[in-house]
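Asker: Any chance you can model this:
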Amino acid sequence: MRDVSQNAIQKTKVAIIGAGFGGLAMSIRLLQSQMNDFVILEKTNDVGGTWRENQYPGAACDVQSHMYSLSFAPKTDWSKRYAEADEIFEYIQDITQQYKLKDYCKFNHEVTHAEFDENRNVWLLDFKDQPSIEAQFVIFASGPLHVPQIPHLKGIEKFKGKVFHSSQWDHQYSLEGKSVASIGTGGSAIQYIPEIAQEVKQLYVFQRTAAWVIPRDERKYSQLSKSLFKASNIYRQIHRTRLYWTNESRVVPIVQPQIMKYGQKLAEAFIRFQVKDKELAKKLTPDFVMGCKRILISNKYFPTFNRKNVELITDSVQEITANGIITKDGKERQIDCLIYGTGFITDPRIYLKHFDCVGRNGIELKQAWKDGAESYYGVSTKNFPNLFQLLGPNTILGHNSVIFMIESQVNYILQLIQTVDKTGSQAVEIKKEVQDQFNDRVQEQLKGTVWQAGGCSSWYQAADGKNFSLWPTYTWKYWLETRKVNVADYNFIHTATNAKNNAA
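Answerer: I've put the predicted structure just below:
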């Protein structure tokens, strides 16, 4: 154990890492519970998380606007059914200002090391170029999708043109009249590809695996609807509830893949209707059951391939040259710009960012998770007292709004903190057997779902096929199971001695 307590210039009850949706939601609920002894630690210079970083052309949310906002901090004047990035980022800024959350933010504070002091039951946090902080509770709210996945392409160092990842879009660089190669056809790529196709001279779309893409409801909210949302909280709640249950119904074909195949027929017809060339439509049609990978939504993606200046390429990249890109068939295409639409790294060992996190008995979290990330309801992890997480292992969704999950987790964490205070203890840790039993149940529930039996590999899974990302069933079940903390699931620690006895 390092003795850095003397260097910790600030002590706080709760340290929240990340100023995205999760971190801000946690902060608001702390304030609403009359707790203001907390800090928000943000590695950049502003709030926003995903919606601060992903500002590429066409960026939008795949979840309906009224479901992708906090129930306890609602927005009544969403412009359309599915909001675009600018409007979501504006909403985040608005709630930040409304609750004066920047007063609690420490920007440019990137954690480099976190370690639990068993003698004093506190966490010690180190930073790049900043003094250390000591906190009783630490909450990781950085999200699982924040480290860009940038593949190594042979010869990329020779390329003289422009290169960037979709989450690091260079808005100062004009694509007008350029020949552009886009690598990847995931959630970000299918949004920016239709937008840039209109201005580039030539667009080469490199597809490794086709994606299932379904239509998006692009309708705008009328002025009357927005007025009613503002005037009547009940009207807004009814609308939100309808959206929730519509989304929740999507679980049925997920847990019963044979039903999903009927919906897949409609998706196949959608591709054939939007893509004029039959052979091209076949290349854009996935060969796995819909839902096995993330289902994407767009009305613009498939029609983009009807343009004369857009070419779909399914051959793999062999090498990058100074001015072009060579595919496996030996053909070279001249390009001015290369864009990575390759998503984010989802290896469970970096689920919590690039730093060591040391719990009891010197256990490091990445090592504890070397065979797959596991926790209890994605919140608590054995051997890591007073460490909580938002959207942790097996709590990401493939059918509904993660904001619903975040709110459930925030309230659960709040109860844990309050219970520690009420019992006069200093720390709380999930029991080993409780966590193990929970994860056995989750993995059993995942068997037979489209995610496990759909015939594909996805970012939901570890290298060995274990699904460490998704909640396997209805979200209302998650809410019901986390609505109230079962204190019998946890060890409440009063001294370092007790901590060791509890672990025995």
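
Asker: following the one helix or strand residue 94 maps to, which helix or strand shows up next?
Answerer: Under the criterion of DSSP states H and E, residue 94 resides in helix 85-98. Using DSSP H and E, the helix or strand that follows helix 85-98 in sequence is strand 105-106.

Asker: what packs against that next one?
Answerer: strand 38-41 (3 or more Cβ pairs under 8 Å, 6 or more residues apart in numbering; DSSP states H and E). C-betas here are computed from N, CA, C, even on glycine.

Asker: Longest helix in this structure, please.
Answerer: Using DSSP state H, we find that the single longest helix of the chain is helix 402-423.

Asker: So which bits of that one are buried?
Answerer: Neighbour-count burial for helix 402-423, counted by 16 or more other Cβ atoms under 10 Å, picks out 402-417, 420.

Asker: For that helix, output the C-alpha coordinates as PDB.
Answerer: The C-alpha trace of helix 402-423 is given here as PDB (Å, rounded to 0.1, in the frame of the first residue of the first chain):
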ATOM      1  CA  VAL A 402     -29.600   2.900 -21.200                       C
ATOM      2  CA  ILE A 403     -30.800   6.100 -19.400                       C
ATOM      3  CA  PHE A 404     -33.400   3.900 -17.700                       C
ATOM      4  CA  MET A 405     -30.600   1.600 -16.500                       C
ATOM      5  CA  ILE A 406     -28.500   4.500 -15.300                       C
ATOM      6  CA  GLU A 407     -31.300   5.900 -13.200                       C
ATOM      7  CA  SER A 408     -31.900   2.500 -11.600                       C
ATOM      8  CA  GLN A 409     -28.200   2.200 -10.800                       C
ATOM      9  CA  VAL A 410     -27.900   5.700  -9.500                       C
ATOM     10  CA  ASN A 411     -30.800   5.100  -7.100                       C
ATOM     11  CA  TYR A 412     -29.200   1.800  -6.000                       C
ATOM     12  CA  ILE A 413     -25.800   3.400  -5.400                       C
ATOM     13  CA  LEU A 414     -27.500   6.200  -3.400                       C
ATOM     14  CA  GLN A 415     -29.200   3.600  -1.200                       C
ATOM     15  CA  LEU A 416     -25.800   1.900  -0.600                       C
ATOM     16  CA  ILE A 417     -24.200   5.100   0.400                       C
ATOM     17  CA  GLN A 418     -27.100   6.000   2.700                       C
ATOM     18  CA  THR A 419     -27.000   2.500   4.300                       C
ATOM     19  CA  VAL A 420     -23.300   2.800   5.000                       C
ATOM     20  CA  ASP A 421     -24.000   6.100   6.800                       C
ATOM     21  CA  LYS A 422     -27.000   4.800   8.700                       C
ATOM     22  CA  THR A 423     -25.100   1.700  10.000                       C
END
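
Asker: What score does residue 77 have for pLDDT?
Answerer: Per-residue pLDDT puts residue 77 at 96.

Asker: looking at it, it is touching residue 228, isn't it?
Answerer: No - in this structure, residue 77 is not within contact of residue 228 by Cβ atoms under 8 Å, at 11.0 Å.

Asker: where along the stretch 151-300 of the chain do the strands fall?
Answerer: 162-165, 179-183, 202-206, 213-214, 296-297 (DSSP state E, counting those that start in this stretch).

Asker: and the angle for the third one with strand 179-183?
Answerer: Right, strand 202-206. 20 degrees (axes from the mean of the first three to the mean of the last three Cα atoms, to 10 degrees).

Asker: Need the residues that contact the helix holding residue 94.
Answerer: Helix 85-98 has contacts (Cβ atoms under 8 Å, 6 or more residues apart in numbering) with 20-21, 24, 28, 47-49, 51-52, 54-55, 59-61, 65, 68-70, 73, 75, 78-79, 83, 101-102.

Asker: From those residues, which land in helices?
Answerer: Of the positions in the contacts of helix 85-98, 21, 24, 28, 51, 52 sit in helices, assigned by DSSP H.

Asker: circling back: tell me what the longest helix of the chain is packed against?
Answerer: Using 3+ Cβ pairs under 8 Å, 6+ apart: helix 402-423 touches helix 21-32, strand 387-389, strand 427-430, helix 475-482, strand 490-493.

Asker: same thing but at 7 Å, please
Answerer: helix 21-32, strand 427-430, helix 475-482 (3 or more Cβ pairs under 7 Å, 6 or more residues apart in numbering; DSSP states H and E).

Asker: Would you mind measuring from the closest residue to residue 184 other than its chain neighbours to residue 334?
Answerer: Using Cβ to Cβ, 6 or more residues apart in numbering and skipping residues adjacent in sequence, the residue nearest residue 184 is residue 341, 3.8 Å away. When Cβ to Cβ, to the nearest Å is the yardstick, residue 341 and residue 334 sit 20 Å from each other.

Asker: Look at those two and report which has more neighbours.
Answerer: Neighbours per residue (other Cβ atoms under 10 Å) separate residue 341 from residue 334, with residue 341 holding more: 23 against 13.

Asker: can you give me the offset of the helix or strand where residue 452 lies from its chain's centre?
Answerer: In the assignment (DSSP H and E), residue 452 maps to helix 450-453. Relative to its parent chain, helix 450-453 has a centroid offset of 20 Å by Cα atoms, centre = their mean, to the nearest Å.

Asker: what's the answer for stretch 478-485, then?
Answerer: From the chain centre to the centre of stretch 478-485 is a distance of 21 Å (Cα atoms, centre = their mean).

Asker: do stretch 130-145 as well
Answerer: Put simply, stretch 130-145 sits 17 Å off its chain's centre (Cα atoms, centre = their mean).

Asker: likewise stretch 416-424?
Answerer: 29 Å.

Asker: Could you pull up the mean pLDDT of it?
Answerer: For stretch 416-424, mean pLDDT rounds to 97.

Asker: likewise stretch 195-210?
Answerer: 97.

Asker: List the buried residues for that stretch?
Answerer: Those would be 196, 197, 200, 202, 203, 204, 205, 206, 207, 210, for stretch 195-210 by 16+ other Cβ under 10 Å.

Asker: Closest one to residue 39 out of these, please.
Answerer: Comparing the buried residues of stretch 195-210 against residue 39 with Cβ to Cβ places residue 196 closest, at 39.6 Å.

Asker: count of residues packed around the nearest residue to that closest one once chain neighbours are set aside?
Answerer: Distances taken as Cβ to Cβ, 6+ apart place residue 175 nearest to residue 196, at 5.4 Å, with adjacent residues excluded. Residues within reach of residue 175, counting by other Cβ under 10 Å, total 21.

Asker: what's the nearest residue to residue 239 once chain neighbours are set aside sitting at in phi/psi?
Answerer: Spatial nearest neighbour of residue 239, chain neighbours left out: residue 66 (5.9 Å); criterion: Cβ to Cβ, 6+ apart. Main-chain torsions, residue 66, degrees, to the nearest 10: phi -70, psi -10.

Asker: hang on, the earlier thing: just say which of the helices and strands packed on helix 402-423 is most tucked in.
Answerer: Highest mean neighbour count among the helices and strands packed on helix 402-423 (mean count of other Cβ atoms under 10 Å): strand 427-430, with a mean of 24.

Asker: who's in contact with that one?
Answerer: Contact with strand 427-430 is made by 121, 376, 380-382, 385-386, 416, 419-420, 489-493, 499, as judged by Cβ atoms under 7 Å, 6 or more residues apart in numbering.

Asker: Of those residues, just the buried ones, PyMOL syntax please.
Answerer: Those of the contacts of strand 427-430 that count as buried under 16+ other Cβ under 10 Å are selected in PyMOL with:
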select buried, resi 121+376+380+381+382+385+386+416+420+489+490+491+492+493+499
